[in-house]
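Student: Below: sequence and its predicted model.
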Amino acid sequence: MKIIEKIKNMSFLANILYSILAIIFALIIGAVLIFLSGHNVINAYYNLFYGAFGNTYNLSQTLLKTIPLIFTGLAVAVSFQCGLFNIGGEGQLYWGAFATAITAITFAKLPGPVLIPLSILAGAAAGGIWGIFPGYLKAKTGAHEVITTIMLNYIGILGTTFFLKNYFKADGPVDQTVFIPESTRLKELIPYSRLTWAIFIAIFTVILLDLFFKKTSAGYDMKAVGQNISAAEYAGISTSRVLIMSMCLSGAIAGLTGSTMVLGVLHRFITNFSPGYGFTGIAVAVLGRNKPWGVFLAALLFGALEAGGMSMQLFARIPSDLMTIVQGLVIIFVAAPAFIQVIGKLIPVRRGAGLDE
Amino acid sequence: MYAVELRGISKKFGDILANDNIDLAIKKGEIHCLLGENGAGKTTLMKILFGLYSKDSGSIFINNQEINIDSPRKAIDLGISMIHQHFMLVNRFTVTENIIAGEEPSKGIFIDEKEALKRVEEIAGRYNLRINPTAVIEDISVGEQQRVEIIKALYRKAEILILDEPTAVLTPQETEELFQVMRELKNDGKTIIFITHKLKETMAISDRVTILRNGKKAGTVNTAETDPVQLARMMVGRDVLLQVEKSEREKNNVIFEVKDLSLKNVSSNLSLKNVNFQIEKGEILGLAGVEGNGQLELEEAIMGLRPIEKGTFILNGRDISSFSTREKRNTGMAYIPSDRLKRGLIESFTIEENVMLGSEWKPPFAKRGIIDEDKIKEYTEKIIKEFDIKCSSTKARVSELSGGNQQKLLIGRELLADPEFILASQPTRGVDVGAVEYIHNLLLQLRDRGKGILLISAELDELRSLSDRIMVIYEGRIVAEGRTEDFTEEELGLLMAGQEVEVLQS
C-alpha cells in the first residue's frame, strides 16, 4: 500500500526533475550556441545569473518581467484544466488594458482606493467577456477554440486600436491615451524599479486558483469536463455552461495582465504594448504543467531569463535573443520528455501497460 | 508432437508482471482453450507468440524448433495467424480485396482478380465459411467479418490459428456456426488456440484447456476430464457459485415506464421506434439484443443524454420527460452505463474524486460550493468497505483499479443515494468472475428490496438467470417481450438475429 503512495510521490518528483533537466539541457545547448558565436560562456552565464538575481534591483527586474507571464500563464492553465486551449490571451489582455485605462481616466475624480479596484475589475471583466465569445461558440456550435481565439486576437488588438484612435487618443504622434491619474498608479516597492505590488496581486491570483481547483465544486466541475466530458455530462454537469465559464475565467485572468501593466508600468494605454505576453503564457503554462504554482515557477524562470538576458547583452555584449532561444529549447524539452530520456537515460522509460484488452 | 511450445515466458509492463514464467504446449491439430479472467495475461502471451510483443525471457518452439519471433511477418511466415478482438479490415474494400491485401496474385503489374476470387471461394467452400466475396466490408455483419478474418488467415497458409475472444460479438447461433467451422479446421489438421473467459464455450469446443490467473499458469487439463466448477476455481483461485438463486416475486406497482419512445441517431442511422415498457417495483426487466441494435441509444435517452423525437418517461407516477440528467439522478434514478470508462468514471481522477462525481454541489460532499474532503473520504471508505474494492488508498487513481473494482466503485457510488430505479447496462462487462458473482447477487438483493431494474446485457446467461421478464431489441424495435421462462435460449438467439419466432406472450 505504502509503496504505491511512494511511486505516486515519485512521479510528482519526476515531473519536477523533468522540468529541471529540461532547463539544464536548454542551458547546455545555449552554452554551445554562445561558444559558437565566439563568446565566453562563463562570462555570459555569470552575467545572466547576476542580471537576474545578483542584487535587489536585478531581482526586482526579474519579478517585473514575471508578473505578466504569471497572469497569461494562469489564463492558459485555467482553460486547459477544462480541456480548452486558450490562445486568445493576447486579445483578452488588450481589452483588459484598454478597459482599465479608460475606467481610470474616466472616473479620475474617484479616490484611489476605490478607483484602483474598480479599474482592475473593469479590466478583468473586459478580458472575461472577450473570453466568453470563443467559449460560447465552442459550447453551442463546436467551433474549435484554437481557431476562434486566434482570430479574436486580431479583432482584440486592432479593435482596441480603433477605439483608441477614434475616441481616446492623446495629442501627439503616438497612439496612446492620456496618463491615468496619479492616484491610480500602483506604488513602487523599490525606487525606480517599476516593480509594484502588482506582484502580490499575481501571487494572490495563484493562491486563489490553486484553492479554486482543489477545494471548490465549480473547480471540480471544470476539471471533470476537462478530463472526460462524456462522464461529466453523465454526472449531470452542464458541460456547455462550464466550458463558457472556464473561458470567461481564463479571459478575465488574461485581462488582469493588461490591468497590471497599465496601472503599474505603462500608466496609460498604448497600442501594441505587449511583446506577445499572451503567447509566452502558453509556454509558461506548458512548463508549469498547467498547475497554478507550476505556472508561478515557470513564469519566474522566464522572467529571470529575460531580465538576465538583458544584462547579459549590456555587460557581456551577447545578444539577448540567445535567451529567447533558451526559452524555446526549454519548451521543446518539456513538451518532449522522451527526448530527455533519450539524451539522458537518467530516468527509465515507463511503458504503458498493455494487458489483455 | 507439439505445434507450439512456449517455455518460461515472462513479460513485464512497467511494474506489472503480465506473464510470469508461463509454459504452454499446444498439440498439433487440437483446439486448445486459453482460459482466464480479464487481465490474466492471455492476450499478452498470444501477442508474444505472434511477434507483436517482445518477451523478456523464455523461448518459443514451433514444430520442435526454437525460433525467435520478433515480428508478425515472421509469425505469418511460420504459419501462425492471429484474429484479434477488433478486426483488422479495411471497411471500404470488398471481402476479396481484404483477404488478398498484401499478397495479391498478380498478372504482370495488375492484380489477377479472377485468380483471387477463385482462391477465396475455394477456401470458403472447403471449410463452409459463408461469405459473399464481392460484398463491401462495411455492409456485412460482424459474424461475416469474422469469417473474412479467418479466410484471410487461411489464405496466408496459416496452420496455427489464434482466435482472441471471437464469440464476444456473436449471437448464440453465430457462435455455434463458428464452432462448426473450427471443427472443420481441426479435421483438416489445423491447430487452434482459442482465447476466452467463458466456461461454457470452453467446455463445448476445446480438447484441452490451459488456465491463466494473474499472469501465472494455473494448470492445463483435458476438457473431457474437467467441469465448469473446477475451471472456475482454477480461474479465480477460490470456489465460485456459477448459478444465482432467485426468489419468487408477486405483482407490484409500476416504478418506471417508457411510453412511445422514438428517436433517430443521425451518426449511426439507427432509430428507436415506439419503444414501450413498464418495470414494477422489485422486478428486473432484461433487455436482450446483439450490440448496436439500439441499446446505447435507449440508455442514453432514458438518462437525458440524447435528444428524443417523442416519448414519455414516468418514474413513480411522475412525468420526468423534461428533467435534465442531473434532475433525473436526483429523483431516484441510478445509472450504470455500458461504457464505464467513457461515461461512468474519470480514469485520471482519484477514487475520492470519482465518488463525488455528480454530487459535487450537494451536501454532505459540499457546502456553498466548497468541497468537504473529510466527508468525501468518509463516504469513499464506506463504499470501499461495503463493496469490497481492492485499492491502495482512497486517493488511488481509478486507472490503477482492475475492471471489476472499477465497476464496484461505480455501482457503489450510484447506490449511495438509495435510488428507486436502476438502469444497469452491461454491468458485468470486462469484470472478473468473482466480481460477476458479486454484482449478480447485488442486483438480486436490490430487486428483493423493491427496486426496479432495467438490465441491458449482451450476455444471455446473465439475462436469463437474473431477469423476471425479458425484452428483445432488434434494429431499434422491441421485437418480443415475455416472462423469462417463456423463452428458450435458441428462441432468444433467433429473435436477436431478427428472425420471427412464435413465442408465448405473457
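Tutor: Great, that's in hand. Numbers count the residues shown, from 1 in each chain, chains lettered A, B, ... in the order given.
Student: What are the phi and psi values at the residue of chain B found nearest chain A?
Tutor: Here the residue of chain B nearest chain A is B:Arg326; by CB to the nearest CB that distance is 2.8 Å. Yep, even glycine has a C-beta here, placed from its N, CA and C like the rest. In terms of degrees, to the nearest 10, the main-chain angles of B:Arg326 are phi -70, psi -40.
Student: For the stretch 301-450 of chain B, which segments count as strands?
Tutor: B:310-315, B:318-319, B:333-336, B:366-367, B:370-371, B:421-425 (DSSP state E, counting those that start in this stretch).
Student: outside of the last one, which residues touch it?
Tutor: For strand B:421-425, the external contacting residues (CB atoms under 8 Å, 6 or more residues apart in numbering or on different chains) are B:255-256, B:279, B:295-296, B:299, B:302-303, B:315, B:332-338, B:414-415, B:443, B:446, B:451-457.
Student: Work out the gap between it and the centre of the chain.
Tutor: In this view, strand B:421-425 has its centroid 18 Å away from the chain centroid, taken as CA atoms, centre = their mean, to the nearest Å.
Student: That strand versus strand B:310-315: what angle between them?
Tutor: Angle of strand B:421-425 versus strand B:310-315, following axes from the mean of the first three to the mean of the last three CA atoms, to 10 degrees, is 120 degrees.
Student: Neighbouring strands - and their directions - for strand B:421-425?
Tutor: Strand B:421-425 has the following sheet partners, assigned by DSSP bridges: strand B:333-336 (parallel), strand B:452-456 (parallel).
Student: cool, the first one as well?
Tutor: Sheet neighbours of strand B:310-315, with direction, are listed as strand B:254-265 (antiparallel), strand B:318-319 (antiparallel) (DSSP bridges).
Student: would you put the C-alpha positions of that strand in CSV?
Tutor: Extracted C-alpha coordinates of strand B:310-315, given in CSV (Å, rounded to 0.1, in the frame of the first residue of the first chain):
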residue,chain,number,x,y,z
LYS,B,310,-41.1,11.7,-28.9
GLY,B,311,-41.8,9.7,-25.9
THR,B,312,-42.6,9.9,-22.2
PHE,B,313,-40.7,8.7,-19.1
ILE,B,314,-42.6,8.1,-15.9
LEU,B,315,-40.9,7.5,-12.6
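Student: That strand: which residues count as buried?
Tutor: Using 16 or more other CB atoms under 10 Å in any protein chain shown as the test for burial, strand B:310-315 gives B:311, B:313-315.
Student: hmm, back to that, of all the strands of the stretch 301-450 of chain B, which one comes closest to B:Gly215?
Tutor: Closest of these to B:Gly215 is strand B:333-336, at 28.6 Å (criterion: CB to CB).
Student: Kindly format the C-alpha coordinates of the closest one as CSV.
Tutor: The C-alpha trace of strand B:333-336 is given here as CSV (Å, rounded to 0.1, in the frame of the first residue of the first chain):
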residue,chain,number,x,y,z
MET,B,333,-32.6,7.1,-10.8
ALA,B,334,-29.2,5.4,-10.8
TYR,B,335,-27.3,4.6,-13.9
ILE,B,336,-24.6,2.1,-14.6
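Student: domains of chain A?
Tutor: A:1-37+A:319-348, A:62-316 (automatic domain parsing).
Student: nearest to A:Asn47, of the ones you listed?
Tutor: domain A:62-316 (4.4 Å).
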